[in-house]
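# just need the structure, nothing else, for what follows:
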Amino acid sequence: MPAPNALRASLPGLAAAAAAVVLCLLLHRMFPAVPVLTAAVLLGLLAGNVPGPAAVAAGRWRPGLAFSAKKFLRLGIVLLGLKVSLLDIAELGWLTVALIIALVAFSFGATYLVCRAFRLPGEEPVLVAAGFSICGVSAVGAVAAARGIRAERTAVPAAMVTLCGTLAIAVLPLLGAVLGLSPERFGFLAGASVHDVGQVVATAQTGGAAALALAVVVKLVRVLMLAPVSALAGLYHRRTAGTSAGKFPPLVPLFVAGFVAAVALRTTGLLPAGMLDAAALAQELLFAAALFGLGASVNLRSLARTGGRAAAASLVSWAIIVAAALGLAVLLVPA
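Numbering: from 1, shown residues only. Predicted coordinates for the structure are as follows:
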């Protein structure tokens, strides 16, 4: 937690983030097709770029919004671990799990290469690749921490994975209908190609209970890769940066270790359903506050110079991932 003086300075921004989360929840209730996290990104962009609010966001709100973008995101990642049960994953069988992990590796590599081909700047390619291949904004935050990337530099990748994941909610059910996919194949496709867990649920539930059940378990295999991929990203950063880079961030950030502990706790089956539901709600609220803070840090004039390339790279990458996931669904899941 911030020191007393820092806490006082953070209060206006924290209050703004809390108000934004409430507004996002209301918007989602009025328009269920608008996901809470997407609304949070868009509200953040408005707050950071509309004259008047932008000056406040860059001034009095800045400490609190920065705190939300960094700390709330990390706490949400820890709570994400409570959704992952190793027992549920084991029921898929070792071959299916191995092929899903291979799909994660392929998705990461393909997305990274596409982003490099579109000349995305700095660390954006690796952050977008992490978000698209693993679990959306959670993976963006974890890999950024492992590589020592400042939170404000994750805003564009976080926006891309959130917006493309939202697009999946509308596009994949249409694709499944056109291709005549069975509920199980559609569920596998959703779990293997949609970014955030909440977006997977929103997409797969359109295919019924069987689709949703398989989609969630497939997605959890991808979520489980958060810890090893973060560690590998940190190790690669240390090896390539050399000794001149000074002090390195922890190889496995503390909140990623917390995520692993939460996975272990969920696997024990000791937590009651009510507590798991409360944790899931808290995670969504924390992520919404974090994405509002990240969105408010984006300068749309600067984004306009690379935003088109980022969006194009994201769409191409997601199309490749969907095609690969569809092929794996046809291979593994009976019609």
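
# the bottom helix or strand of this structure by mean pLDDT?
Scoring the helices and strands of the chain by mean pLDDT, DSSP states H and E places helix 226-241 at the bottom, with a mean of 83.

# name the residues that touch that one?
Taking contacts as Cβ atoms under 8 Å, 6 or more residues apart in numbering, the residues outside helix 226-241 that touch it are 77, 80, 104, 108, 126, 130, 133-135, 138-139, 142-143, 145-148, 245, 248-253, 256, 259-260. C-betas here are computed from N, CA, C, even on glycine.

# again, but for stretch 71-88
Contacts of stretch 71-88 (Cβ under 8 Å, 6+ apart): 17, 135, 137-138, 141-142, 145, 151, 197, 217, 220, 223-224, 226, 253, 255-256, 258-263, 265-267, 269, 271, 276, 279-280, 282-284, 286-287, 289-290, 293-294.

# quick check: end-to-end length of it?
Criterion Cα to Cα, to the nearest Å; first-to-last residue distance in stretch 71-88 is 29 Å.

# could you do stretch 55-71 as well?
Stretch 55-71 has an end-to-end distance of 23 Å (Cα to Cα).

# in the lengthiest helix in the chain, what counts as buried?
In the chain, assigned by DSSP state H, the helix with the most residues is helix 300-332. By 16 or more other Cβ atoms under 10 Å, the buried positions in helix 300-332 come out as 303, 306, 309-311, 313-314, 316-318, 320-322, 324-326, 328-329, 332.

# same deal with stretch 176-188?
Going by neighbour count (16+ other Cβ under 10 Å), the buried part of stretch 176-188 is 176, 181, 182, 183, 184, 185, 186, 187, 188.

# separation between the second one and residue 188?
Between residue 181 and residue 188 the computed distance is 9 Å (Cβ to Cβ, to the nearest Å).

# convert the C-alpha atoms of stretch 15-32 to PDB, please.
The C-alpha coordinates for stretch 15-32 follow below in PDB (Å, rounded to 0.1, in the frame of the first residue of the first chain):
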ATOM      1  CA  ALA A  15     -12.200   7.500  -6.500                       C
ATOM      2  CA  ALA A  16     -12.300   8.200 -10.200                       C
ATOM      3  CA  ALA A  17     -11.400   4.600 -11.000                       C
ATOM      4  CA  ALA A  18     -14.100   3.400  -8.600                       C
ATOM      5  CA  ALA A  19     -16.700   5.600 -10.200                       C
ATOM      6  CA  ALA A  20     -15.700   4.400 -13.700                       C
ATOM      7  CA  VAL A  21     -16.100   0.800 -12.600                       C
ATOM      8  CA  VAL A  22     -19.600   1.500 -11.300                       C
ATOM      9  CA  LEU A  23     -20.400   3.200 -14.600                       C
ATOM     10  CA  CYS A  24     -19.000   0.200 -16.500                       C
ATOM     11  CA  LEU A  25     -21.200  -2.100 -14.500                       C
ATOM     12  CA  LEU A  26     -24.300   0.000 -15.300                       C
ATOM     13  CA  LEU A  27     -23.500   0.100 -19.000                       C
ATOM     14  CA  HIS A  28     -23.000  -3.600 -19.000                       C
ATOM     15  CA  ARG A  29     -26.400  -4.100 -17.300                       C
ATOM     16  CA  MET A  30     -28.100  -1.800 -19.700                       C
ATOM     17  CA  PHE A  31     -26.300  -3.100 -22.700                       C
ATOM     18  CA  PRO A  32     -25.200  -6.700 -22.000                       C
END
